[in-house]
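[1] would you be able to build a 3D model of this:
(one chain, ligands or ions: 1)
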Amino acid sequence: MTVGPALMARLDDFARHSADWPALTRLYLTREHRAAADQLLAWMREAGMAAHLDAAGTVVGRYEGTTPGLPALLLGSHIDTVRNAGKYDGNLGVLAAVAAVAELNRRGERLPYAIEVLGFGDEEGVRFPVTLTGSRAVAGTIAPDAVAARDRDGIALGDALAEFGGDPDGLGTVARDPAAVLGFVEVHIEQGPVLESRRLPLGIVTAINGASRYAVTVTGQAGHAGTVPMALRHDPLAAAAEMVLAVETAGGAEPDLVATVGRIEAKPGAVNVVPGQATFTIDLRSPRDDSRKAAAAGLLDTLAAIAARRGVALDIQPTHDAPAAHCHPGLMRQLGQAVARAGIIPHHLPSGAGHDAMALAALCPMAMLFVRCAGGVSHNPAESITVEDADLAVTVLLDFLRHFEPVPLAEGPRP
Ligand SMILES: [Zn+2]
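    Modelled structure (predicted):
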């Protein structure tokens, strides 16, 4: 083990750039984000990279290949966090990439392509009602009105970006020419318990799940809890309870499909009143869009049948629909080979959470390497990885870089 302890020390050090240290809160375009960006710029330069801040506030470091100006393989993740975050979500992927380049630089190694490490600033989407601002700018897919988004203090993203040192009018210039980019590879903690349960330190991501969300309203008849006989009730909350179980059943019916009711509410919400209305949410995710859509259609039919049988009215509004982003088969294969050369069984798994790689998929071949995290816990100060796993992540990434061969975009993404 060589780089693990230094990487872990760096991650600890980096976590001090926080609005509420010793807790970690680092929102997009805040003073602490700028301090972290400055630290990252310094570490990139120390690792032999030319580094700058782009117009969207992304920290960009470039390590030239055997000759200057070659197309680049992009690495990295995000350096913004949620409130009261863990140290590893996002930050691990950026600092592991810097550590891999530092190792190349230390040995004077140049590869037949350039490497760029990107530290995106807005993956979590906590401060402004937009997300993936940095990665979408690089991919050339940023919405023109993103700069008009305001935080809860009324500050516009464009104004915060200008103060940060970015360029709200220059977001279009950040978009990369696909011909100059070989791909994007993101190292990230798993944020789930699968690798830990399989006793594997690393995993190869197959796709970032697509998602469908719905807002469901069930309307029945409110009444006195003491006087309305059971047989005469049209209780929307009892109907919703049956529907929640149907959602759970739908999620369990297909491998890799997950279905969740995260919020439920009854009105009027009194101990002695049969509710008149119940509202709840559905979140469905899968790496396969066809199976997600089929499951959603089947589920909506089931809910309609429950409503009809119980004599309650049902209204279902779609609130979100995003397709899955598929990892490139050629990059997955090369990551799998690097994992196998490290003596680890290559395990493939979908990502249930969103990532910057999702945005980069619009630009170039994309892949992700997951690192085991304790208990699958993330977005929490208890987020934790081992020094051995951190070391392995850099070792495998470095080995992948040394063996990397460009893949044709046409090979993927899979249908
Ligand atoms: Zn993340």
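
[2] how much space separates C373 from M358?
    Applying CB to CB, to the nearest Å, one obtains 19 Å for the distance of C373 from M358. Backbone N, C-alpha and C define where each C-beta goes, glycine included.

[3] just D283 next, same as before
    Between D283 and M358 the computed distance is 16 Å (CB to CB).

[4] counting neighbours, go ahead and name the busier of the two.
    Neighbour count, other CB atoms under 10 Å: between D283 and M358, M358 has more, with 27 against 18.

[5] now for the closest residue to that one other than its chain neighbours: which residues touch it?
    The shortest distance from M358 to any residue other than its chain neighbours is 4.4 Å, reached at A325 (CB to CB, 6 or more residues apart in numbering). With contact set as CB atoms under 8 Å, 6 or more residues apart in numbering, A325 has these partners: A207, I208, G210, A357, M358, A361, M366, P413.

[6] pLDDT score for T319?
    Per-residue confidence for T319 comes out at a pLDDT of 88.

[7] the strand or helix carrying N105: which residues count as buried?
    With elements taken from DSSP states H and E, the one containing N105 is helix 91-106. If you call a residue buried by 16 or more other CB atoms under 10 Å, then helix 91-106 has these buried ones: 91-104.

[8] cool, and stretch 344-352?
    Along stretch 344-352, the positions that meet the burial threshold by neighbour count (16+ other CB under 10 Å) are I344, P346, H347, L349, P350, S351, G352.

[9] quick one: the first one is in a helix?
    Read it as I344. No. Using DSSP: H, G, I helix; E, B strand; the rest coil, the assignment for I344 is coil, not a helix.

[10] would you list the buried residues of stretch 344-352 in a markdown table and tack on secondary structure and distance to the ion?
    Written out in a markdown table, the entries for those read as follows (DSSP: H, G, I helix; E, B strand; the rest coil; distance: CB to the ion, whole Å):
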| residue | secondary structure | distance to the ion |
| --- | --- | --- |
| I344 | coil | 22 |
| P346 | coil | 22 |
| H347 | coil | 20 |
| L349 | strand | 16 |
| P350 | strand | 15 |
| S351 | strand | 10 |
| G352 | coil | 12 |
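
[11] now those in JSON lines, with distance to G223 and pLDDT?
    Compiled in JSON lines, those are given as follows (distance: CB to CB, whole Å; pLDDT from 0 to 100):
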{"residue": "I344", "distance to G223": "61", "pLDDT": "98"}
{"residue": "P346", "distance to G223": "59", "pLDDT": "98"}
{"residue": "H347", "distance to G223": "54", "pLDDT": "98"}
{"residue": "L349", "distance to G223": "48", "pLDDT": "96"}
{"residue": "P350", "distance to G223": "45", "pLDDT": "95"}
{"residue": "S351", "distance to G223": "46", "pLDDT": "96"}
{"residue": "G352", "distance to G223": "41", "pLDDT": "92"}
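
[12] of the residues you listed, which pair is most distant in space?
    Farthest pair in these (CB to CB) is I344 and G352. Separation: 21.6 Å.

[13] just the terminal-to-terminal distance for stretch 167-180.
    Between the opening and closing residues of stretch 167-180 lies a distance of 23 Å (CA to CA, to the nearest Å).

[14] then stretch 46-57?
    Using CA to CA, one end of stretch 46-57 lies 20 Å from the other.

[15] L409 and H348, how far apart?
    Taking CB to CB, one finds L409 at 21 Å from H348.

[16] can you name the residues that contact the residue in the stretch 201-350 of the chain that the ion sits nearest to?
    Ranked by CB to the ion, the top residue of the stretch 201-350 of the chain for proximity to the ion is I208, at 11.2 Å. The contact partners of I208, by CB under 8 Å, 6+ apart, come to 287, 324-325, 327, 350-351, 353-355, 357-358, 361, 368.

[17] ok, what's across the strand from it?
    Counting by DSSP bridges, I208 is bridged to A325, S351.

[18] what's the closest of the buried residues of helix 91-106 to R152?
    Nearest to R152 among the buried residues of helix 91-106: N91, at 24.4 Å, using CB to CB.

[19] from the ion, how far off is the closest one?
    Plainly put, N91 is 9 Å away from the ion if you go by CB to the ion, to the nearest Å.

[20] and if you look at N105?
    Separation of N105 from the ion (CB to the ion) stands at 26 Å.

[21] check contacts around the nearest residue to that residue once chain neighbours are set aside.
    Among residues not flanking N105 along the chain, G48 sits closest, at 3.3 Å (CB to CB, 6+ apart). Contact criterion CB under 8 Å, 6+ apart gives Y63, V101, A102, L104, N105 as the residues in contact with G48.

[22] so, low pLDDT: which residues of the chain?
    Within the chain, the set of residues satisfying pLDDT under 70 comprises 1, 410-415.

[23] which residues of it lie near the ion?
    Residues of the chain lying near the ion by CB under 5 Å from the ion: D89, G90.

[24] domain parsing of the chain, as residue ranges.
    Domain assignment for the chain by the TED database gives 3-208+324-403, 210-322.

[25] would you mind finding the most buried of these?
    Relative to the other members of these, domain 3-208+324-403 carries the highest mean neighbour count by mean count of other CB atoms under 10 Å, namely a mean of 20.

[26] end to end on that domain, go ahead and measure it.
    Terminal residues of domain 3-208+324-403 lie 20 Å apart, using CA to CA.

[27] chain center to that domain: distance?
    In terms of CA atoms, centre = their mean, to the nearest Å, the centre of domain 3-208+324-403 is set 10 Å apart from its chain centre.

[28] tell me where the stretch 51-200 of the chain has strands.
    Assigned strands in the stretch 51-200 of the chain, in chain order: 59-63, 72-78, 114-120, 181-189 (criterion: DSSP state E, counting those that start in this stretch).

[29] any chance of those in CSV, plus distance to G170?
    What follows is those, written out as CSV (distance: least, CB to CB, whole Å):
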stretch, distance to G170
strand 59-63, 14
strand 72-78, 19
strand 114-120, 17
strand 181-189, 19
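
[30] packing partners for the longest helix along the chain?
    Assignment by DSSP state H gives helix 289-310 as the longest helix of the chain. Helices and strands touching helix 289-310, by 3 or more CB pairs under 8 Å, 6 or more residues apart in numbering; DSSP states H and E, are strand 210-219, helix 236-252, strand 277-286, strand 313-322.
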